[in-house]
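Student: Sequence and computational prediction follow.
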Amino acid sequence: MTYTFNLIDQPWIPCLQKGGGIVELGLGETFARAHEMREVQGDTPLETAAIYRLLLATLHRIFGPANPRDWKRLWSAGRWDATQVEEYLECWHARFDLFDEERPFYQATDLDFPTPKSIINAIPQMASGNNATLFDHHLEGQGATLDPAQAARTLLTVQAFGLGGLSGQKERPYTDAPWGRGVIFLMEGDTLFETLALNLFPPNPDQQQPDDCPAWECNDPFSPSREHPHGYLDLMTWQSRRVLLLPEEVKGRTMVRNIRIAPGLRLSASVLDPYKHYRKSKTAGLISLRFLEDRALWRDQASLLRYMEDFKEAFPPENLRWIAKLYGAGAIDLHNAYRCMGLGMANDQAKVDFMRHERLPIPGEYFANIELVDRLNDALQFAEQTRGKLWAALHDMAAFFLYPQVVLKNQEDKEKRFRLNEQQNKEVNRLMDHWGAERIYWSTLEMPFFRLLAALPKDADLALKTWQAILRGAAWEAFRFAENLVGDSNEGLRATVAGSGQLAYGLATLFPNLKPEQERIL
């Protein structure tokens, strides 16, 4: 039986409509109706990002703006030029067939040696090997069956987010796919067209080779074997896995239960991804920002907006730097506010811990005024310093509660800390984790931070004073939460007095000009 599923014509991309509701579209219709759609909405953040990756690679190949003037012409049209899109997709139509016998999309046909495996091996949220089950309760032994649309999305996801690990071939382990580690940042507009357009930027010319092209235009995307892409398009369609979907007929329908899979191209760790945020580490060089379970992205927002060309300590995503250039060139109205999406996962080696999709609002003024970014950074530094004062107070309260006998006799010197041994410190930290007061502190600040973001361009001094008052109030609220858990025993009361005294002193030194009546409990 001959199987076929062409991604250009067949519906497989889940799009959220402006009025609500999900509709699946083919690649051609997605571009044609992008101005009518709200966004791409995959089953997981990884799937959503992987689809955007393919859409952006295709649009770059078709339109590829070279400068802000070219970009503004695309933006002003409000939709993609149907003729250009149709001509390109028609030219490469055969290469987008998921089950083509000669050149199946994003796959390799020379995979006779690997034993067929369940397609679960290509789905991060399902359980296979040492990967824990996240959102699905299939087990590798039970298998899974996907229709062609699901299989297409799975294929894109594993090529974008596959993690390194054992492959069954001793000398050839799996390596990380380009987006396997680190947060992926995408600018977001009010429609799918705007979102895609905001992420169209000229690639770095120093990293471009004349033969750069997307994988489907190559006679063999795995040849020559290489660790450095030929350019932006090669990177965006990089295939870290040699995969072959094995379609079959199930009750009259084409389905995919098994695949052949083996290591593909190995990407050098020195290759910087344009959609990631990097910072310098004294020991590890450049490292990308990653999701942490107890840390929301807004706490790093000032660093993300460090878009200057000569910044030495952090390297923001190229799409954010491009937006700053567009504002500078007058291609975007200064008062337009957009959002930045952060998508990805947290993982421990080859094990996926969780997936996340966050949104950060960014008023346009921050792209045009670096001083505003400095003030925002000051505000976030105050938040971290306040957290430090809260931590010291909680530590004192926990230490006094567990080990009152080791408390220093001179309580008047607030700078001295409790002298605990290693085991005692572990017990104190364990009790503080149980209270969860720091989580209360940061969660309390999230919405006030977004209000601060909007207020800073209007009156920075007033906004920062209000923010400081909010920080002090949030610290006290978090401390009171822990205090209630300590209880009202004699030990608990003594511990509370010690902790509250430490917090009052710490906040007074941090905010000497903040009057008590300015304190705000949210």
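Tutor: Thanks, I have the structure now.

Student: Which strands or helices does whichever strand or helix holds residue 463 pack on?
Tutor: Assigning secondary structure by DSSP states H and E places residue 463 in helix 460-486. When contacts are defined as 3 or more Cβ pairs under 8 Å, 6 or more residues apart in numbering; DSSP states H and E, helix 460-486 packs onto helix 370-402, helix 422-435, helix 437-455, helix 490-510. Where C-beta positions appear, they are placed from N, C-alpha and C, glycine not excepted.

Student: Residue 8 contacts residue 95, correct?
Tutor: No. At 9.6 Å, residue 8 does not count as touching residue 95 under the criterion of Cβ atoms under 8 Å.

Student: on contacts alone, who are the packing partners of the lowest-mean-pLDDT helix or strand in the chain?
Tutor: Least confident helix or strand of the chain, by mean pLDDT, DSSP states H and E, is strand 314-315 with a mean of 81. Other elements packing on strand 314-315 under the criterion 3+ Cβ pairs under 8 Å, 6+ apart are strand 278-281.

Student: can you pull out the helices in the stretch 251-400 of the chain?
Tutor: Using DSSP state H, counting those that start in this stretch, the helices of the stretch 251-400 of the chain run over 301-304, 318-328, 365-368, 370-402.

Student: mind listing what's buried in the second one?
Tutor: Of the residues in helix 318-328, those scored as buried under the neighbour-count criterion (16 or more other Cβ atoms under 10 Å) are 318, 319, 320, 321, 322, 323, 324, 325, 326, 327.

Student: Can you name every helix or strand that it contacts?
Tutor: Judged by 3+ Cβ pairs under 8 Å, 6+ apart, the packing partners of helix 318-328 are helix 68-77, strand 184-188, helix 365-368.

Student: for residue 446, what are its contacts?
Tutor: When contacts are counted by Cβ atoms under 8 Å, 6 or more residues apart in numbering, residue 446 is found next to 296, 298.

Student: meant to ask about residue 97
Tutor: Counting by Cβ under 8 Å, 6+ apart, residue 97 makes contact with 4, 5, 6, 7, 103, 104, 105.

Student: Compare these and tell me which has the most neighbours.
Tutor: Tallying neighbours with other Cβ atoms under 10 Å puts residue 7 at the head of the contacts of residue 97, with 27 neighbours.

Student: My guess is that one contacts residue 27. True?
Tutor: Yes. Using Cβ under 8 Å, residue 7 makes contact with residue 27 at a distance of 5.1 Å.

Student: can I see the domain layout of the chain?
Tutor: The chain breaks down into these domains under automatic domain parsing: 278-371, 373-518.

Student: before we move on, the earlier item: show me which of the contacts of residue 97 is closest to residue 458.
Tutor: residue 7 (46.7 Å; Cβ to Cβ).

Student: As a markdown table, the buried residues of helix 318-328 with pLDDT would be great.
Tutor: Shown next, in a markdown table, are the buried residues of helix 318-328 (pLDDT from 0 to 100):
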| residue | pLDDT |
| --- | --- |
| 318 | 93 |
| 319 | 94 |
| 320 | 92 |
| 321 | 91 |
| 322 | 93 |
| 323 | 93 |
| 324 | 90 |
| 325 | 91 |
| 326 | 93 |
| 327 | 89 |
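
Student: before we move on, the earlier item: what's the overlap in contacts for residue 7 and residue 27?
Tutor: Contacts common to residue 7 and residue 27, judged by Cβ under 8 Å, 6+ apart, are residue 96.

Student: check contacts around residue 197.
Tutor: Taking Cβ under 8 Å, 6+ apart, we find residue 197 in contact with 71, 74, 75, 189.

Student: Pull up the per-residue confidence for the third one.
Tutor: In this case it means residue 75. At residue 75, the pLDDT value in this model is 96.

Student: so how far is residue 276 from the nearest residue to it once chain neighbours are set aside?
Tutor: Closest residue to residue 75 apart from its sequence neighbours, by Cβ to Cβ, 6 or more residues apart in numbering: residue 197 at 5.4 Å. Remark: distance between residue 197 and residue 276 (Cβ to Cβ, to the nearest Å) = 20 Å.

Student: do the same with residue 292
Tutor: When distance is defined by Cβ to Cβ, residue 292 is 15 Å away from residue 276.

Student: who's more crowded, the two?
Tutor: residue 276 (23 against 12).

Student: pretty sure the more buried one is touching residue 289, no?
Tutor: Yes. Counting by Cβ under 8 Å, residue 276 touches residue 289, with 7.0 Å between them.

Student: Report the set of residues contacting both of those two.
Tutor: What both residue 276 and residue 289 touch, as defined by Cβ under 8 Å, 6+ apart, is the set 182, 183.

Student: Spit out the contact partners of the closest residue to residue 102 other than its chain neighbours.
Tutor: Closest residue to residue 102 apart from its sequence neighbours, by Cβ to Cβ, 6+ apart: residue 109 at 7.1 Å. Residue 109 is in contact with 101, 102, 103, 244, counting by Cβ under 8 Å, 6+ apart.

Student: Selection in ChimeraX covering whichever of the residues you listed are buried, please.
Tutor: Of those, the buried ones can be selected in ChimeraX as follows, counting by 16+ other Cβ under 10 Å:
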select :103,244
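
Student: separation between residue 381 and residue 121?
Tutor: Look at residue 381 and residue 121: by Cβ to Cβ, they are 45 Å apart.

Student: Compare the two (neighbour count), which wins?
Tutor: residue 121 (19 against 11).

Student: what about residue 351, how many neighbours?
Tutor: Neighbour count for residue 351, taken as other Cβ under 10 Å: 14.

Student: scratch that, residue 267 is what I was asking about
Tutor: Quick note: residue 267 (other Cβ under 10 Å) scores 20 neighbours.

Student: Also residue 174?
Tutor: 22.

Student: so it bridges to which residues?
Tutor: residue 165 (DSSP bridges).

Student: Next, residue 23: secondary structure please.
Tutor: strand (DSSP: H, G, I helix; E, B strand; the rest coil).

Student: Bridge partners for it, pull those for me.
Tutor: residue 15.

Student: tell me the contacts of it?
Tutor: Counted by Cβ under 8 Å, 6+ apart, residue 23 has contacts 11, 14, 15, 17.

Student: residue contacts, the second one?
Tutor: Read that as residue 14. Contact analysis of residue 14 by Cβ under 8 Å, 6+ apart lists 22, 23, 24, 40, 41, 42, 43.

Student: No further queries at this time; thank you.
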